[in-house]
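**Student:** coordinates only, sequence not included:
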């Protein structure tokens with residue numbers, strides 16, 4: 001029996017605002033894992049104490065000297081590609097770098113203060129870092145979960161370290177094309193490398209160590225999309241099925257599709273409705289048809305996946321996920337460490353308002369305490385309801401859940417039974 005039309009419409013509206021989250025993106029549930037829950041409970045209690053002290057005019061308790069649970073670690077700002085759709089275009093190849101020993105000291109200190117996972121990603125190509133392989137091995141020696149997001153141009157370096165990764169680690173290659181001509185036009189590699197050559201490394205990586213998941217990332221672009229005004233983006237929408245076939249045949253574990261994002265003048269990464277409004281319905285319909293075709297390729301060993309942002313773009317519910325609470329609580333639990341400094345969120349990497357400290361923000365215990373103080377200030381000074389008002393935030397649900405937990409400890413709920421995925 002079908003529900004009455006009004007109830008059906010209401011259900012569709014709810015689905016648009018709250019798409020079914022895959023476990024990898026269900027951050028509120030991840031925070032309820034036994035490894036995280038005590039810290040979340042402590043944070044909520046600290047936040048309540050701050051608000052109570054503020055109301056009473058008393059001195060506020062300091063934020064404990066914690067490191068985040070999870071970081072995006074930009075090993076370098078250098079990149080050997082010049083991708084037309086790169087959201088980090090303005091901060092690439094800055095010439096700023098780490099002192100390797102101080103970076104190692106920072107990571108060791110962070111591990112002592114609660115760090116559980118590191119994603120090597122963004123702001124540059126991690127495999128061009130001169131000490132990439134030794135750094136991956138060092139992160140594993142610290143007992144951390146490790147993920148690598150790469151453009152695939154130096155898969156020999158990934159092959160060199162894949163032996164130390166395990167089933168909770170993962171590798172994702174940002175390839176965005178089904179055909180080499182499109183790959184070349186979108187990525188503009190500075191040294192010759194083809195999509196075929198990149199994909200040919202996957203069986204070698206899998207044969208050396210089949211434990212970590214290996215993914216093919218595809219940012220869907222369309223005619224009329226622009227990174228900034230006047231800089232057009234190569235369209236790849238018509239290659240969704242071909243990319244899925246390529247990923248399956250190359251022995252990737254999955255292919256993930258996500259929509260193109262732009263940076264606003266304020267610096268945030270957003271889905272830009274202006275860029276596609278004229279053809280929005282047609283674009284969404286084309287994406288849906290192509291994804292439905294691609295999903296027919298799914299097998300027990302290969303998955304075709306849609307990101308949360310993609311689900312929101314298709315459902316029309318993306319705008320609801322731009323309504324953020326005033327306080328971004330997630331900046332306590334996950335941050336971005338770059339040669340350019342420490343940032344409160346991947347969407348605000350390189351934006352001064354999102355800066356929490358310098359590249360040595362965790363180099364020793366004293367620095368950790370100073371960074372905790374800066375983070376506590378940012379919880380009040382960084383107004384997410386304003387700064388992130390255009391951001392379709394992946395931490396939207398987690399932030400609102402933390403708001404409820406602070407108001408009512410009963411909202412914390414029971415410990416979530418998960419497989420120990422510590423990436424946020």
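**Tutor:** Sure thing, it's come through. Just so it is clear, the structure is predicted and the values come from calculations on it, not from any experiment.

**Student:** contacts, neighbours, all on C-alpha from now
**Tutor:** Noted.

**Student:** In a helix, residue 335, correct?
**Tutor:** No. Going by DSSP: H, G, I helix; E, B strand; the rest coil, the assignment for residue 335 is strand, not a helix.

**Student:** Next, the contact list for it, please.
**Tutor:** 68, 70-72, 342-346 (Cα atoms under 8 Å, 6 or more residues apart in numbering).

**Student:** Show me the beta-bridge partners of it.
**Tutor:** Note on residue 335: beta-bridge partners residue 71, judged by DSSP bridges.

**Student:** Need the per-residue pLDDT for it.
**Tutor:** Residue 335 carries a pLDDT value of 98.

**Student:** do the same with residue 349
**Tutor:** Listed pLDDT for residue 349 reads 85.

**Student:** so how far is residue 69 from it?
**Tutor:** The gap separating residue 349 from residue 69 is 18 Å, by Cα to Cα, to the nearest Å.

**Student:** Who has more neighbours out of those two?
**Tutor:** residue 349 (28 against 24; other Cα atoms under 10 Å).

**Student:** and the more buried one, what is it in contact with?
**Tutor:** When contacts are counted by Cα under 8 Å, 6+ apart, residue 349 touches 336, 343, 355.

**Student:** Recalculate using a threshold of 7 Å.
**Tutor:** Contact analysis of residue 349 by Cα atoms under 7 Å, 6 or more residues apart in numbering lists residue 343.

**Student:** The one 10 residues further on too?
**Tutor:** Contact criterion Cα under 7 Å, 6+ apart gives 337-342 as the residues in contact with residue 359.

**Student:** how about 10 Å then?
**Tutor:** Residue 359 sits next to 97-99, 102-103, 106, 336-343 when contact means Cα atoms under 10 Å, 6 or more residues apart in numbering.

**Student:** next one: residue 184
**Tutor:** Going by Cα under 10 Å, 6+ apart, the list of residues near residue 184 reads 81, 83, 177, 192-195.

**Student:** so which of the residues you listed comes closest to residue 250?
**Tutor:** Nearest to residue 250 out of these is residue 195 (Cα to Cα; 10.9 Å).

**Student:** What about the closest one, how many residues nearby?
**Tutor:** When neighbours are defined as other Cα under 10 Å, residue 195 has 20 of them.

**Student:** and what of the one 5 residues further on?
**Tutor:** For residue 200, the number of neighbouring residues by other Cα under 10 Å comes to 14.

**Student:** Distance of the closest residue to it other than its chain neighbours relative to residue 238?
**Tutor:** Closest residue in space to residue 200, ignoring its immediate chain neighbours: residue 250 at 6.8 Å, by Cα to Cα, 6 or more residues apart in numbering. For residue 250, the distance to residue 238 equals 20 Å [Cα to Cα].
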